[in-house]
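> Mind folding the following:
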Amino acid sequence: MPELPEVETVRRGLAAYVPGRTIGTVTVLNERAVRRHAAGPVDFGARLVGRSVTDVRRRGKYLWFVLDDGAFVLGHLGMSGQLLLPDPALPESPHLRVRMTFIGRGPGECGPPRELHFVDQRTFGGLLVCDTAVTRFGVDVPAPIEHIASDPLEAGFDPEAFTRRLTSRRTGLKRALLDQTLISGIGNIYADEALWRARLHYDRPTATLRRGQIDTLLRQLREVLGDAVRAGGTSFDSLYVDVNGQSGWFSRDLDAYGRTGQPCSRCATPIRRDSFMNRSSYSCPRCQRRPRPTKPGP
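Numbering: from 1, shown residues only. Presented below is the predicted three-dimensional model:
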């Protein structure tokens, strides 16, 4: 599933083209793509035609367009969703779900305006139009995602509040990092990478973490997410691409995720893979010591 760096890469590509443009037509080719828009696909399109996009924003794994009438187009990419500005000379994707066209051209542009395509092979992602904003962690976000916590790259992210909430949990560290109501944008890949950089085991009880360890973890989370954004995200196949269909290259810089049996780049110990929450977790057995089992009480 796309995580913060992949979604931020898409947001930046859209932000360079879409703001200031007026939506001309909206065609929903698969109703499942707008299933979260309660009023249905016809209303979804009607709400957008003639509206101009003023901004493109993101929180965690969600992104949204701000419209000139105060509404939002909220999107989640799910497992395989893509928001593309495709080359009109190329054939459309067989997994095209929603097509938007824009009116007019930008400064210096020639030829027909580019279209915006929502492509989703597995149809787990989706789009909806929302009228209501809620201030959450100091930022106005669409009401459907008010439960989503701020992410480590937000200017208003509060390390003190995160530390209090983290250490009050009675769970393992990686489980906490994957909880989007505690900290958003982090999935399996970047949790493993940040934990490797911080030398913390994924099953470390959150209540046992010292303040210095949490500070180190937050610093490594910010660094690995920032490194991945600069690399255009992590692409293992054609599903994870930017708005122009280009893959990111952060997979070349992974230190833990997907490197089972390969030597740790710090100590040369083979990277270990464990089953974790119906997925996998990768760590160095030497650099990231497994926590000792807690003794039962009397």
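> helix, strand or coil for I214?
When classified by DSSP: H, G, I helix; E, B strand; the rest coil, I214 comes out as helix.
> Quick one: neighbours of it, just the number.
I214 is flanked by 19 other residues according to other CB atoms under 10 Å. (C-beta placed from N, C-alpha, C; glycine too.)
> Ok, the one 10 residues further on next?
Here the neighbour count serves as a burial measure; for V224 (other CB under 10 Å) it reads 27.
> how would you label it: helix, strand or coil?
Three-state secondary structure (criterion: three-state DSSP) places V224 in helix.
> Spit out the contact partners of it.
Residues in contact with V224 (CB atoms under 8 Å, 6 or more residues apart in numbering) are Y190, E193, A194, R197.
> Among these, name the ones in strands.
Among these, no member falls in strands (DSSP state E).
> could the residues you listed go into CSV alongside distance to E146?
Formatted as CSV, the contacts of V224 follow (distance: CB to CB, whole Å):
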residue, distance to E146
Y190, 23
E193, 29
A194, 26
R197, 31
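> Redo these as TSV? Include neighbour count.
Listed next are the contacts of V224 as TSV, based on neighbours: other CB atoms under 10 Å:
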residue	neighbour count
Y190	26
E193	26
A194	25
R197	20
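> quick one, strands of the stretch 1-150 of the chain?
Here the stretch 1-150 of the chain has its strands, by DSSP state E, counting those that start in this stretch, at 22-28, 53-59, 62-67, 72-76, 81-84, 96-103, 116-120, 126-130, 133-136, 139-142.
> which residues sit against the fifth one?
Just to be clear, that refers to strand 81-84. Strand 81-84 has contacts (CB under 8 Å, 6+ apart) with 2, 10, 14, 63, 75, 77, 93, 116-120, 124-126, 239, 241, 243-245.
> The longest one now?
Strand 96-103 is contacted by residues 18, 21-30, 32-34, 48, 113-120, 123, 127 when judged by CB under 8 Å, 6+ apart.
> in terms of contact, does T181 touch A149 like I think?
Yes: between T181 and A149 there is a contact under CB atoms under 8 Å: 5.5 Å.
> More neighbours: these two, which one.
For T181 and A149, the more surrounded residue by other CB under 10 Å is A149, and the numbers stand at 21 against 9.
> so how far is V243 from the more buried one?
From A149 across to V243, the span is 26 Å (CB to CB, to the nearest Å).
> And for N278?
In this view, N278 and V243 are 31 Å apart by CB to CB.
> Equivalent analysis for E223, please.
Going from E223 to V243 by CB to CB gives 25 Å.
> And the two? Which one has more around it.
A count of neighbours by other CB under 10 Å puts V243 above the other of E223 and V243, at 23 against 15.
> for A268, what are its contacts?
For A268, the contact set (CB under 8 Å, 6+ apart) is empty.
> Ramachandran coordinates for it?
Dihedral pair for A268: phi 70, psi 0, per degrees, to the nearest 10.
> quick one on the thing from earlier: give me the PyMOL select line for the contacts of strand 81-84, limited to the buried ones.
To isolate the buried ones among those in PyMOL, judged by 16 or more other CB atoms under 10 Å, type:
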select buried, resi 2+10+14+63+75+77+93+116+117+118+119+120+125+126+239+241+243
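> Helices of this protein, start to end?
4-15, 41-48, 159-168, 173-177, 188-198, 211-230 (DSSP state H).
> who wins for proximity to V56 among those helices?
Proximity to V56 (CB to CB) singles out helix 4-15 among the helices of the chain, at 4.3 Å.
> Give me the packing partners of the closest one, helices and strands only.
If contacts are counted by 3 or more CB pairs under 8 Å, 6 or more residues apart in numbering; DSSP states H and E, helix 4-15 sits against strand 53-59, strand 62-67, strand 81-84, helix 211-230.
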